[in-house]
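Visitor: Prediction below, plus the sequence it came from.
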Amino acid sequence: MEPRFVLMTEEELEQLLDDKDSKSTKNVLKQALETFNCYCRAKSLDFEKVEKEYSEQELCDCLRAFYAEVRRGNGELYAKRSMITIRYGLQKHFLKTKSMDIVNSGAFRRANDMFAAVLHKLKAEGKGAITHKEPISKEDFGKILSSPALDRSTPKGLQNAVFINLMLHLCNRGRENVKDLKVDDFDIATDSSDRRYVYLAKDKLTKNHRGDNNDDTRSQCGRMYETKDVNCPVKSFCDYISHLNPGFPFFWQRPKSIAPEDVVNAGDGSQQQSVPWYDHQVVGKNTLGSKLKTISIAANTSRIYTNHCLRATTITTLDEHSFEARHIMSVSGHKSENSLKHYSRVAEGHKRQMSLCLSEKCHQVTDSGAKVRVASPGPSSRFSPGPSSTPTGPPCTISRPPLSPVLSHTPDVSAQPQPQRQLVGVGLGLGVGPESETSGELEVQNPQQVTLTGPNSQSSPQSQTMNFVSNKLDFDQKKVVQYHFHQCTVKIINK
């Protein structure tokens, strides 16, 4: 009969405590101690004496000078984030060795005041900014999805597609737990609406979830649902699983250079199982850690992205679609809503629209009346020029109604009713028959409703609808702005 209890040595107990910290935390602690030890040698101080014999007052004075005098190996100041990381590592060390809290204890107030002054100096010298991972822009994400690097007919392309889908839906953090994933860590289930989804069946230790006694939530609760189209992520996942080497448990297996034949004939004429697309070897941690960087280069994106950018993309996208913070946290694994603020930033498209709005402000003419110009599109236009038609009625009249708060996008335009303005111009092909194509270009300086009245069309009694592309105006994607003309409705759409 096996013993009920396991007797452990003191070294084994210490190792158990040490394993509680993540690998990144251990690296922070190691770097902080190396920096402080190097500083002590430069000041002719005995590090062991400082560590074991210094009182709170003596340690406070030593740290006060350290915060002000510490420099990088090349003599430059540390960045703000580096200084915070160094102090965090020293805090954990002295809590463990001397039971002294150098951050929260009142005995170290003078040292912490100096630390705050150093951070203020770094901010003034331009070293206080913290660079966060940028989400992938809409344009770059389109380049990635259409890139040959995600060709699902090749072993490497299929693996890249599955990698992006899983990292995006599970909101994984950079390299965290990626290399150690195994096939049986995932499962496919069906929800109450008969929709299949992939989820992480086995919970993992993460930076935010270390298995503490007050941590009873799963680290990653994201689901990857099927979309039932050619790029369905669940279908790609199932295809990837079917091509893996069955005798190897790891999920990320090294892909073959080309896809082998699915089935080969055996010597006796019978058929063997399908040939795996992947070798009996796990992909290296550096290859996995730089996978999105490699994909970005292949897709020729505007900037080089990292794996962690996928996590930023997930959180930013969900935030832009007005999902509640607590729901986003269930996917990202964050414990605090404040942590989401580091990821939820203004999208590049919104920044561009704000800039164009301000540029339009600088180029406004003093006359705020609407301007309409009708011309034939060039060869690159989406619309083919139709046959010319000469209107036979009175000249076209453009009337502008009073501005409304909804249609006005220019803050300096008065909301008072404006007098009617008239402009003689070319008609919008009102005399063209239904078998012909009407084309033209409409530019309106200020987005407001405009009515065009012209001669009646005998050959085209039914009203026509034409779509125009305007690069002069940037409308919100949720809004549709239409201009109603006699026998014709012109719609301005966002290109």
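Guide: Nice, thanks for sending it over. Note that the coordinates shown come from a computational prediction; the quantities given were computed from them, not determined experimentally.
Visitor: could you point out where the stretch 151-300 of the chain is predicted with low confidence?
Guide: Scanning the stretch 151-300 of the chain for pLDDT under 70 picks out the ranges 203-220, 262-273.
Visitor: and if we set it to 80?
Guide: 173-177, 202-221, 261-274 (pLDDT under 80).
Visitor: which residue ranges form the strands in it?
Guide: Along the stretch 151-300 of the chain, counting by DSSP state E, counting those that start in this stretch, strands occupy 186-190, 196-200, 224-225, 253-255, 278-282.
Visitor: quick one, which of those strands is nearest to Glu324?
Guide: Relative to Glu324, the nearest member of the strands of the stretch 151-300 of the chain by Cβ to Cβ is strand 224-225, separated by 19.0 Å. In short, each C-beta sits where N, CA and C put it, glycine included.
Visitor: Could I get the contacting residues of the closest residue to Pro255 other than its chain neighbours?
Guide: Spatially, and ignoring its direct neighbours in sequence, Pro255 is nearest to Pro155 (3.6 Å; Cβ to Cβ, 6 or more residues apart in numbering). Counting by Cβ atoms under 8 Å, 6 or more residues apart in numbering, Pro155 touches His243, Pro255, Lys256, Ser257, Ile258, Ala259, Trp277, Tyr278.
Visitor: same question, Ile86
Guide: Gln31, Ala32, Thr35, Phe36, Val70, Tyr78.
Visitor: filter the residues you listed to the buried ones?
Guide: Among the contacts of Ile86, the ones that count as buried by 16 or more other Cβ atoms under 10 Å are Ala32, Thr35, Phe36, Val70, Tyr78.
Visitor: May I see the strands of the stretch 151-300 of the chain organised as CSV, with distance to Gly89 added?
Guide: Output for the strands of the stretch 151-300 of the chain, formatted as CSV (distance: least, Cβ to Cβ, whole Å):
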stretch, distance to Gly89
strand 186-190, 35
strand 196-200, 31
strand 224-225, 37
strand 253-255, 36
strand 278-282, 31
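Visitor: Tell me which of those strands lies nearest to Leu119.
Guide: Comparing the strands of the stretch 151-300 of the chain by Cβ to Cβ, strand 196-200 comes nearest, at 38.2 Å.
Visitor: helices and strands around the closest one, which ones?
Guide: helix 155-170, strand 186-190, strand 224-225, helix 233-243 (3 or more Cβ pairs under 8 Å, 6 or more residues apart in numbering; DSSP states H and E).
Visitor: Could you say which of the ones you listed is packed most deeply?
Guide: Highest mean neighbour count of the helices and strands packed on strand 196-200: helix 155-170, a mean of 22 (counted as mean count of other Cβ atoms under 10 Å).
Visitor: okay, that one in CSV with CA atoms only?
Guide: What follows is helix 155-170, C-alpha atoms only, in CSV (Å, rounded to 0.1, in the frame of the first residue of the first chain):
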residue,chain,number,x,y,z
PRO,A,155,1.4,22.7,-44.7
LYS,A,156,3.0,25.9,-43.5
GLY,A,157,0.1,28.1,-44.8
LEU,A,158,-2.5,25.9,-43.0
GLN,A,159,-0.5,26.1,-39.8
ASN,A,160,-0.2,29.9,-40.1
ALA,A,161,-4.0,30.3,-40.6
VAL,A,162,-4.8,28.1,-37.6
PHE,A,163,-2.2,30.0,-35.6
ILE,A,164,-3.8,33.4,-36.3
ASN,A,165,-7.3,32.1,-35.7
LEU,A,166,-6.5,30.6,-32.4
MET,A,167,-4.4,33.5,-31.1
LEU,A,168,-7.1,35.9,-32.1
HIS,A,169,-10.1,34.0,-30.6
LEU,A,170,-8.4,32.8,-27.5
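Visitor: That one versus helix 233-243: what angle between them?
Guide: Orientation of helix 155-170 against helix 233-243 (axes from the mean of the first three to the mean of the last three Cα atoms, to 10 degrees) gives an angle of 130 degrees.
Visitor: Compute the inter-axis angle for helix 155-170 and strand 278-282.
Guide: Using the same axes, to 10 degrees: helix 155-170 against strand 278-282 is 60 degrees.
Visitor: going forward, begin numbering at 32 instead of 1
Guide: All right, first residue 32 from here; so that's helix 186-201.
Visitor: For this protein, which helix extends over the most residues?
Guide: If you go by DSSP state H, the chain has its longest helix at helix 54-73.
Visitor: for the helix or strand following that one, packing partners?
Guide: Per DSSP states H and E, helix 54-73 leads on to helix 78-83 as the next helix or strand towards the C-terminus. Packing contacts for helix 78-83, counted by 3+ Cβ pairs under 8 Å, 6+ apart, involve helix 54-73, helix 87-100.
Visitor: Can you lay out those as a markdown table showing mean pLDDT?
Guide: Compiled in a markdown table, the helices and strands packed on helix 78-83 are given as follows (pLDDT from 0 to 100):
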| stretch | mean pLDDT |
| --- | --- |
| helix 54-73 | 89 |
| helix 87-100 | 95 |
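Visitor: Please identify the most buried of the ones you listed.
Guide: The most buried one of those (mean count of other Cβ under 10 Å) is helix 87-100, showing a mean of 16.
Visitor: Now do Lys111 against Gly173, distance only.
Guide: Distance, Lys111 to Gly173, using Cβ to Cβ, to the nearest Å: 35 Å.
Visitor: Neighbour count for those two, which is higher?
Guide: Neighbour comparison, Lys111 and Gly173: the larger count goes to Lys111, with 18 against 13 (by other Cβ atoms under 10 Å).
Visitor: Read off the pLDDT value for that one.
Guide: At Lys111, the pLDDT value in this model is 88.
Visitor: Got the phi and psi for it?
Guide: When read as degrees, to the nearest 10, the backbone of Lys111 gives phi -60, psi -50.
Visitor: so what pLDDT did Lys526 get?
Guide: On pLDDT, Lys526 comes in at 43.
Visitor: State the distance from Cys388 to Thr347.
Guide: Cys388 is 21 Å from Thr347, by Cβ to Cβ.
Visitor: how about the contacts of Pro186 in TSV, adding distance to Phe268?
Guide: Shown next, in TSV, are the contacts of Pro186 (distance: Cβ to Cβ, whole Å):
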residue	distance to Phe268
His274	11
Pro286	15
Lys287	19
Ser288	22
Ile289	22
Ala290	17
Trp308	14
Tyr309	14
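Visitor: Drop anything exposed from the residues you listed.
Guide: By 16+ other Cβ under 10 Å, the contacts of Pro186 give His274, Pro286, Lys287, Ala290, Trp308, Tyr309 as buried.
Visitor: for those, which one is nearest Thr325?
Guide: Nearest to Thr325 among the buried ones among the contacts of Pro186, counting by Cβ to Cβ, is Pro286 at 12.6 Å.
Visitor: need the contact list for that closest one.
Guide: Pro286 touches Thr185, Pro186, Lys187, Leu189, Gln190, Trp308, Tyr309, Asp310, counting by Cβ under 8 Å, 6+ apart.
Visitor: Distance to Ser327 for these - can I get that in JSON lines?
Guide: Formatted as JSON lines, these follow (distance: Cβ to Cβ, whole Å):
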{"residue": "Thr185", "distance to Ser327": "18"}
{"residue": "Pro186", "distance to Ser327": "20"}
{"residue": "Lys187", "distance to Ser327": "15"}
{"residue": "Leu189", "distance to Ser327": "18"}
{"residue": "Gln190", "distance to Ser327": "16"}
{"residue": "Trp308", "distance to Ser327": "24"}
{"residue": "Tyr309", "distance to Ser327": "23"}
{"residue": "Asp310", "distance to Ser327": "25"}
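Visitor: of all the residues you listed, which comes closest to Lys322?
Guide: Lys322 has its nearest neighbour among the contacts of Pro286 in Gln190, at 8.7 Å by Cβ to Cβ.
Visitor: what's the distance between that closest one and Val209?
Guide: 12 Å.
Visitor: any common contacting residues for these two?
Guide: What both Gln190 and Val209 touch, as defined by Cβ under 8 Å, 6+ apart, is the set Trp283.
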